[in-house]
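Chemist: Got a sequence here, can you build the structure:
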Amino acid sequence: MIKKVIYRICNRKYILQLAQDYNKMKLKRRVNDMGITYKKLFKMLIDRDMMKKDLAAGCGLSTASMAKLAKGRNVNTDVLFRVCNFLRCDISDICEVILDEEVPAKQAQDADGGSVK
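Modeler: As a prediction, this is how the structure comes out:
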């Protein structure tokens, strides 16, 4: 009887630890997914006095694609093409790539032969 109780307690702790590790990993993945921002797109919409629903209706975008754009998530390149076509602009006018801080340091290290300035 005591062995079963101890086993159940240890098993619960193990399961809780797995859940915590999974949540940490999921959070890290969300933070690292931010490699692109669509702030330029929403600034352009403000400048043109348009709302998100006007953009979605004009481009034929789904609510899921609009939500991904608003949250800065990855979207299909077809979605970006339709937005650019509707707004008559270049892709660099609606999105911007955010580089990690580690990338320039590593590139500088590779260029100098191993030393970081």
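Chemist: residue ranges of the strands in the protein, please?
Modeler: Using DSSP state E, the strands of the chain run over 36-37, 96-97.
Chemist: Out of those, indicate the one that is most buried.
Modeler: Highest mean neighbour count of those: strand 36-37, a mean of 14 (counted as mean count of other C-beta atoms under 10 Å). Heads up, the C-betas are built off the backbone N, CA and C, glycines and all.
Chemist: re the thing from before, of the strands of the chain, which is nearest Thr77?
Modeler: strand 36-37 (11.4 Å; C-beta to C-beta).
Chemist: what packs against that closest one?
Modeler: Contacts defined by 3 or more C-beta pairs under 8 Å, 6 or more residues apart in numbering; DSSP states H and E place strand 36-37 against strand 96-97.
Chemist: neighbours around Tyr38, how many?
Modeler: 20 (other C-beta atoms under 10 Å).
Chemist: err, Gly72, not the other one
Modeler: The burial count for Gly72: 16, using other C-beta under 10 Å.
Chemist: From what I see, it and Ile36 are in contact.
Modeler: Yes - Gly72 is within contact range of Ile36, at 6.8 Å (criterion: C-beta atoms under 8 Å).
Chemist: Sweet, I'm off.
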